[in-house]
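Asks: Model the structure of this input:
(chains A and B)
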Amino acid sequence: MHASTSQPPQPRNVDTLDRAAAPASRLRFTDAQIEMAHGAGGKASRRLVESLIAPAFANPVLAQLSDAAVFSLGGTRVATTADGYVVKPLRFPGGSIGELAVNGTVNDLAVSGARAHALMATLIVEAGLPSDVLRAEIETMANAAARAGVPIVGGDTKVVEHGMADGLYVTTFGIGIVDQRASLGPDRIVSGDRVLLTGPIGDHGITILLARGDLDFETDLHSDTRPLWPFVDALLEACGSGLRWMRDPTRGGVATALNELVRGSHHAIAISEERVPLRDEVRGACELLGLDPLHIANEGQMLALVADNVADAALAALRALPGGEQAACIGEVRDAPAGMVIATTAYGGTRVVDMLVGDPLPRIC
Amino acid sequence: MKYVDEYRDPQLIRNVVREIERQIDPDRHYRIMEVCGGHTHAIYRHGLKDLLPDNIELIHGPGCPVCVLPMGRVDDGLSIVEHPGTILTAFGDMMRVPGTRGTPLEFKARGSDVRMVYSPLDALRIAQNEPDRHVCFFAIGFETTAPSTALTLLRAKELGITNFSVFCNHVTIVPAMRAILDSPDMRLDAFIGPGHVSTVTGCRPYEFVSRDYGKPIVISGFEPLDMLESIARILVQLREGRAEVENQYRRIVPWDGNIPALRAMAQTFELRPYFEWRGLGFISQSALKLSDAFAAWDAERIFDVPGVRVTDPKAAQCGEILKGVLKPPQCKLFGKECNPEHPIGALMVSSEGACAAYYRYARIDEPAAATA
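Replies: Okay, the predicted model is just below:
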């Protein structure tokens, strides 16, 4: 459930979780039917989670609506996360569904400050899928897990009738232990904090769009899927408690992640458009298709908010890592206009950066 | 990126902003309409209003094809996909446009075979690949997109593909501009002319604006530098008391238009005697339909579409906004009942609609500049 609130993710003891302790949402889900937009990571997704799903299961840990659920278990702060992958096509330049499933789960734990300790994976296979395709995906998952340094310790396998699934769906569950150095939460943000980004955005979303073959143009773009723990580790080391909040901006992109952070809070985020790293191929595709790169999904980039006085050290730490060379400070936390994300253009104009509305792209992760 | 970066160069932009400041009369209020929805989008997307003096008021015109499509036509188009064995194809912009029984996306979610295409030729390809189905293309757009529909129809005829049709909603910009100029509450000083449409039509069709109404019009590109330069040229004309058609977008727009594209349109389309525009009402000879020679590919004749008329929601003040009488936030529904997720008025539907562009990019009470 990729949504956050302005409440801090203070660890709760799992033994004391109590439905009554969590305020039920006052929102009612009034959409008559489920559409693709409800799974696209933008406003409709958020409405589905906040007003239909979260109230039904209400408890204080779920109420955080973070990338991972963080709670105390026997005195240890643990983080758990689950995710489903339905990407089409199954393989694309730079990655595949299995690689996304492993990296995505590891990264949801990482941005919660937790290093992954174990994964479980469920494979939902459509009858008729060539065994070679399944074999290749399992090998890919094994390799990705080895790269991330986490064992896949269990799971399930189901086969559904031909026509009932797009070849292969993967769902994953991950568990990790929250790093001792981590003290994260939207409540820790103060005016003046800096917004860091680990590298160029939009590679994954545009790669998938082009891999579907609906558009007749070619690039050598590839998905940015990768495990993010090395970046998190470097930030924890460089910033300590100056590291306030992290998020991997997947569906809905950077715009949606930042909007979720400040929505309903008394803070604003101001980013500078020209500082956002972006490859020419992604920029060109977005110009042609009328898409905002800030809305395009990423699988191997991370947003981090850090205290002003540690921002330079944080940026240096990110840039020192392989793949972090283009890390940038893209903006800062302000007091106004509260609850909004705004961008300044290279020539001094200002605009609102809204959450993703609807579903501009086919399902991509 | 070539053809983009040179039109976003901050130094060049600062220079043209200074030129605007030099040309402007501080005691005068300027009302300039950008005809094209792409311009509206660009103004907000790039924050151009922040760069202009306060006495320049930019007013958003009728040039968004999705915005001006009446709800009844959406219902008519969606009725086609209810015929068994039919596939309805449309551009992405159309997929979220509501009819009275839902949007194309909602029809798709309920099981109708509605597919997004990037070109009408893609729709024709689907017809070739699925000969047992009928593929209808829901055609919208001004002269910008009409030639690609025309070429697709010519191709379908040449190949003898009979399981393909076009539900034609192409409109033409000039009659809409004339309707605005004739409107009793008209109070515009000049026009930023549509760039994409003019790549096909050329500049000659706008001569009536300066000749008959005495208003300057500058055909403009869509990059920040294009738009600011067009505004500067308008100010020069107004200062010198001239009213002429100027072509700022010469790198793309030929003065006489795209002759092969116009020829393809002439072969396939004819003018409708009248057509309803959302917010503007019926405008004579303002839209295209398939000519008799293409009757076999005309969805309106094949499916006998019902011809639904739907009154626009009374509270939505799209017409006043289209004519520049009101600004988007002055509409009673703006940002409340009417928002991009649940558009009530047409101007909130497409990202090029004035209200959607304003909602997405300009809802800032206290503009702040990032210094990060």
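
Asks: gap between residue A:335 and residue A:193?
Replies: Taking Cβ to Cβ, to the nearest Å as the measure, residue A:335 and residue A:193 are separated by 12 Å. Heads up, the C-betas are built off the backbone N, CA and C, glycines and all.

Asks: The two: who's more crowded?
Replies: Between residue A:335 and residue A:193, counted using other Cβ atoms under 10 Å in any protein chain shown, the more crowded position is residue A:193 (24 against 13).

Asks: show me the contacts for that one.
Replies: Applying Cβ atoms under 8 Å, 6 or more residues apart in numbering or on different chains, we find residue A:193 in contact with A:244, A:305, A:306, A:307, A:308, A:332, A:333.

Asks: out of these, which touch chain B?
Replies: residue A:332 (Cβ under 8 Å from any Cβ of the partner chain).

Asks: closest to chain B among the contacts of residue A:193?
Replies: If you rank the contacts of residue A:193 by distance to chain B using Cβ to the nearest Cβ, residue A:332 comes first, at 4.3 Å.

Asks: Please identify which helix or strand holds that closest one.
Replies: Under the assignment given by DSSP states H and E, the secondary-structure element containing residue A:332 is strand A:328-334.

Asks: pLDDT (mean, whole number) over that strand?
Replies: Average pLDDT, strand A:328-334: 98.

Asks: list the contacts for the closest residue to residue B:210 other than its chain neighbours?
Replies: Once flanking residues are discounted, residue B:210 sits nearest to residue B:243: 4.1 Å by Cβ to Cβ, 6 or more residues apart in numbering or on different chains. Counting by Cβ under 8 Å, 6+ apart, residue B:243 makes contact with B:209, B:210, B:213, B:214, B:215, B:216, B:237.

Asks: Now do the residue nearest the centre of chain B against chain A, distance only.
Replies: Centroid-nearest residue in chain B: residue B:64, 2.4 Å away (criterion: Cα atoms, centre = their mean). Counting by Cβ to the nearest Cβ, to the nearest Å, the gap from residue B:64 to chain A is 12 Å.

Asks: ok so, going back, out of the contacts of residue B:243, name the two that are farthest from one another.
Replies: Taking every pair in those and measuring Cβ to Cβ, the maximum separation is 13.4 Å, between B:213 and B:237.

Asks: pretty sure residue B:179 is touching residue B:279, no?
Replies: No. Between residue B:179 and residue B:279 there is no contact, the gap being 10.5 Å when judged by Cβ atoms under 8 Å.

Asks: partners of the longest strand anywhere in chain A, with directions?
Replies: For chain A, the strand with the greatest residue count under DSSP state E is strand A:114-126. In the sheet containing strand A:114-126, its partner strands are strand A:152-160 (parallel), strand A:168-178 (antiparallel), by DSSP bridges.

Asks: So which of those strands is the most surrounded?
Replies: Most buried of the strands paired with strand A:114-126 by mean neighbour count (mean count of other Cβ atoms under 10 Å in any protein chain shown) is strand A:168-178; its value is a mean of 22.

Asks: going on from that strand, what's the next piece of helix or strand?
Replies: For strand A:168-178, the succeeding helix or strand toward the C-terminus, using DSSP H and E, is strand A:194-197.

Asks: Which neighbouring elements make contact with that next one?
Replies: strand A:303-306, helix A:311-319, strand A:328-334 (3 or more Cβ pairs under 8 Å, 6 or more residues apart in numbering or on different chains; DSSP states H and E).

Asks: Taking the stretch 1-150 of chain B, what residue is nearest to chain A?
Replies: Distances from the stretch 1-150 of chain B to chain A, computed as Cβ to the nearest Cβ, single out residue B:47 as the nearest residue at 2.2 Å.

Asks: The residue nearest to that residue when sequence neighbours are not counted and residue B:255, how far apart?
Replies: With Cβ to Cβ, 6+ apart as the measure, residue A:349 is the residue that lies nearest to residue B:47, at 2.2 Å, once sequence neighbours are left out. For residue A:349, the distance to residue B:255 under the criterion Cβ to Cβ works out to 31 Å.

Asks: Between the two, tell me which one has more neighbours.
Replies: Counting neighbours by other Cβ under 10 Å for residue A:349 and for residue B:255 shows that residue A:349 has the greater number, 24 against 12.

Asks: Distance from stretch A:141-161 to the middle of the chain?
Replies: Averaging C-alpha positions (Cα atoms, centre = their mean, to the nearest Å) puts stretch A:141-161 20 Å from its chain's average.

Asks: same question but for stretch B:66-74, I mixed them up
Replies: Averaging C-alpha positions (Cα atoms, centre = their mean) puts stretch B:66-74 12 Å from its chain's average.

Asks: Great, nothing more from me.
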